[in-house]
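Asker: missing the sequence, but the structure's below:
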Ligand SMILES: Cc1cc2nc3c(=O)[nH]c(=O)nc-3n(C[C@H](O)[C@H](O)[C@H](O)COP(=O)(O)OP(=O)(O)OC[C@H]3O[C@@H](n4cnc5c(N)ncnc54)[C@H](O)[C@@H]3O)c2cc1C
Ligand code: SF4
Ligand code: FES
């Protein structure tokens, strides 16, 4: 395949940045999107140009590191996958592809397509845990049975990979889906219930402080979420928040 | 220097308890004056950081990703072992200990493995208390499954995403400590050298990957938890950034590197399709519980398949060779990984491979779909002779068990694995070799510890499934926190360690000159160009099967490639900024040294065991031939300025509690 790529280039956080055009050939349908960028970068390096910076690590859809905004969609046109799982067979010979970073005020650009998502970590520092001593002496794991459907729902919420696609695809740059997934995981398990009140208040406060926008229930986040995290979690978090605030 | 493994005296079942009863403790007020650096925040480093902070030490933790939650541990699929015997099928600490030692082909250290089996029980309790959503049964209790190479159900899991959930548990424990200010987290930082002062590890040199700044960090002890080095093969199931740099730098500063040639090749990965490929994807081993592995019996069928003239479904049952079931009737498709991998290679080398490159075998679920379908039909009183109905019912069952894996396969290969058998081939997966450590998990450099996949001690020459996660968390939550205390007890009056010491200056200059070299080199090829070449040499000559001639060639070729790399690599951009090419160059430089030691280690080990198969040492039926008489030892290499000149030290392996027998799965 021969393609035209329009890629956001930005030297550093302070640089203004702009779209730059690249032509690329020899792309095969069974390459992944990131392998296609590897090909481009190899050409750029051998010409002595600065390759395009992009984040990635596991390349199998689980670490949450990859993050491209492709033709106006977070993680590109395929559903239920991350960018590293997107394959070039989803594109046609001669296509023009727009590639941009995940844009949001709370995700400042570091370079080109790489953004800083540490705001997510800081929200977790505010309460994304169960306060349990890690040096042993916990009770037997089967001492506290947990209903299977609760355990399954908690698991589903816990599969969030922290990629930030929800923020990038939300017109308000809201982080509600991400935060609610974490709040839900613990709210559904007895271990997490004990601190549920403080947790939801602290995490929501931290989220607001990071400069994420409000949720207006447009649901774009759920559509673009590679892990199918459901809007139900937002509803659950809202209930948790409400009951925590009137306590 | 003689190797002292510091294994405590006494019977194996009480060694660890006795040891803990007699080590020195540090009182809480003194812990506040002690700093510990932890490099790597995967399962091993993350759990260690959280626990040491919980105990009161000041922890500085480093990782190259933007968040500890993204460490490579997150990718582990299948599960984690623990001798809980919840299933009541006769499991015990002894059995887990026994299976692990036998599965490792008797090249692991007994005392460490026994301790691992003992603390495995606490790991599950700990994780559940943290809110890790492990799979449950309808009664609300934890569920278990079985894994290749064992006969009991001792594996705990969270769908196909066990590593993710366990890592998020450790990450959440870290978050609590980061929030309290007890862990200072350095994301997007890479350790590039170890600093030794008066013979003790006292700090590291790290590069801030965002600004390019070179930083000095001091501490009373340094823990390396940087994972495995499988990326020396370029193509592997490891994350793209996984590297050997921190471990290798420790090696260059005096830490012995043990058994570098022990590499696990995992049998069920998606095959390579072309030269552009950057990464291989693992399909969980749990698939072998139901999938049958085969290739055509006739060479002409295999050829027709490769040319696209014949489909696998067109090959009659009697023309299929279910080679694992044929060769290993008692374990069949569930033989351990090393055995399954070699058998696949043997068939493909003989010309029976089934994809365009001839490097793939089938993993077929048709029989499972039919078996489950009939069972469902009987349960629901439906017609079990209705083929379509049976197929649909069976497919549902298979989908419930492995749906996410089938989906992943479909996305990558673009072929529906329910309709046509999956194609799989072995790929580099896990490294059993690593930095040599004693019973305390300390390396041969005082005050430098090594935990998780980065060390060598617990898996021998082959790792059974679901035991790496166990080891990472055992080391981090329950072993290191005790053993490091014993060492740090002598440091309560040392005070803060200055980063102005000449040793820090020297190490920093060392790093800077390396970076300057790459930035100013007038080369023509990208880093990947060299990394791929190294990978090809490693796979072809130091891969699944090795021989003397190939290994000697590999050592020369790697040395030549290293020279070429320093002369002709091109790194663009600037050093004082975010520069991914530079990151890769620094990592590949170390792989180019490790690769040569790896081949040297494989060459000296004149036997076949576990993940190490020397073609000269096999039986008439092609099975591995171990030589316990001459090779029951750990090969620990001392750095001498060039990988080729490394000096061998032997730690004899003594089996007092388990009788060494030939591993047979026939
Ligand atoms: C696809 C896959 C599936 C697997 N499935 C299973 C399974 O089902 N069961 C099982 O038991 N095992 C499994 N394994 C193996 C297991 O996941 C790993 O062995 C284990 O997670 C390693 O953990 P670790 O903490 O030692 O290292 P890692 O998780 O690799 O962590 C390494 C850490 O070191 C950091 N780091 C590395 N180099 C540097 C440096 N120079 N400077 C700073 N930081 C650095 C990284 O940022 C990271 O934080 C699987 C592995 C793979 C690849
Ligand atoms: S909720 Fe979905 S889109 Fe948002 S961070 Fe989690 S996985 Fe990514
Ligand atoms: S690179 Fe890990 S999810 Fe894409």
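Answerer: All right, it came through fine. On a predicted model such as this, the values are computed, not experimentally measured, just so you know. Ligands and ions are numbered 1, 2, ... in the order given.

Asker: which residues does residue B:366 contact?
Answerer: Residues in contact with residue B:366 (C-beta atoms under 8 Å, 6 or more residues apart in numbering or on different chains) are B:313, B:421. The way it works is simple: take the backbone N, C-alpha and C, and place the C-beta from them, glycine included.

Asker: so how far is ligand 2 from it?
Answerer: Distance of residue B:366 to ligand 2, given as C-beta to the nearest ligand atom, to the nearest Å: 34 Å.

Asker: Quick one, grab the pLDDT at the residue in chain A that ligand 1 sits nearest to.
Answerer: When scored by C-beta to the nearest ligand atom, chain A has residue A:60 as its residue closest to ligand 1, at 6.9 Å. At residue A:60, the pLDDT value in this model is 93.

Asker: Find the residue closest to the closest residue to ligand 2 within chain B in space, skipping its chain neighbours.
Answerer: Chain B approaches ligand 2 most closely through residue B:69 (10.8 Å), counting by C-beta to the nearest ligand atom. Nearest residue to residue B:69 in three dimensions, chain neighbours excluded: residue B:171, at 4.6 Å (C-beta to C-beta, 6 or more residues apart in numbering or on different chains).

Asker: does the one you found really touch residue B:46, like I thought?
Answerer: Yes: using C-beta atoms under 8 Å, residue B:171 makes contact with residue B:46 at a distance of 5.9 Å.

Asker: between those two, what contacts are shared?
Answerer: With C-beta under 8 Å, 6+ apart, residue B:171 and residue B:46 have common neighbours residue B:68.

Asker: between the two, who's got more neighbours?
Answerer: residue B:46 (34 against 30; other C-beta atoms under 10 Å in any protein chain shown).

Asker: all strands for chain A, in order.
Answerer: A:3-9, A:18-24, A:69-70, A:73-74, A:96-100, A:109-111, A:114-115 (DSSP state E).

Asker: Now do the residue of the stretch 551-666 of chain B found nearest chain A against ligand 1, distance only.
Answerer: Using C-beta to the nearest C-beta, the single residue of the stretch 551-666 of chain B nearest to chain A is residue B:578, 4.3 Å away. Distance of residue B:578 to ligand 1, given as C-beta to the nearest ligand atom: 16 Å.

Asker: who are the neighbours in contact with residue B:222?
Answerer: Per C-beta under 8 Å, 6+ apart, neighbours of residue B:222: B:36-37, B:39, B:194, B:201-204, B:447-449.

Asker: repeat that for 10 Å
Answerer: Applying C-beta atoms under 10 Å, 6 or more residues apart in numbering or on different chains, we find residue B:222 in contact with B:35-39, B:60, B:191, B:194-196, B:200-204, B:246, B:250, B:443, B:445, B:447-450.

Asker: for residue B:559, same thing?
Answerer: Residue B:559 touches B:592-593, B:595-596, B:599, B:642-644, counting by C-beta under 10 Å, 6+ apart.

Asker: pLDDT value on residue 120, please?
Answerer: No chain specified, so I'll use chain A. Turning to residue A:120, the model gives it a pLDDT of 98.

Asker: Chain B, not that one
Answerer: Turning to residue B:120, the model gives it a pLDDT of 96.

Asker: so it sits in a strand?
Answerer: No: remark: residue B:120 does not belong to a strand; assigned using DSSP: H, G, I helix; E, B strand; the rest coil, it is helix.

Asker: pretty sure it is touching residue B:84, no?
Answerer: Yes: using C-beta atoms under 10 Å, residue B:120 is in contact with residue B:84, at 8.0 Å.

Asker: Are there residues contacting both of the two? Which ones?
Answerer: The contact sets of residue B:120 and residue B:84 overlap at B:96, B:154, B:156 (C-beta under 10 Å, 6+ apart).

Asker: list the contacts for the second one?
Answerer: Which is residue B:154. B:79-87, B:89, B:91-92, B:95-96, B:99, B:120, B:144-147, B:466, B:470.

Asker: Contacting chain A as well, which ones from these?
Answerer: B:82, B:84, B:86 (C-beta under 10 Å from any C-beta of the partner chain).

Asker: Weed out the non-buried ones from those residues.
Answerer: B:82, B:84, B:86 (16 or more other C-beta atoms under 10 Å in any protein chain shown).

Asker: Tell me, how many residues neighbour the closest residue to residue B:207 other than its chain neighbours?
Answerer: Leaving aside its chain neighbours, residue B:207 sits nearest to residue B:190 (5.1 Å; criterion: C-beta to C-beta, 6+ apart). Using other C-beta under 10 Å, residue B:190 is surrounded by 23 other residues.
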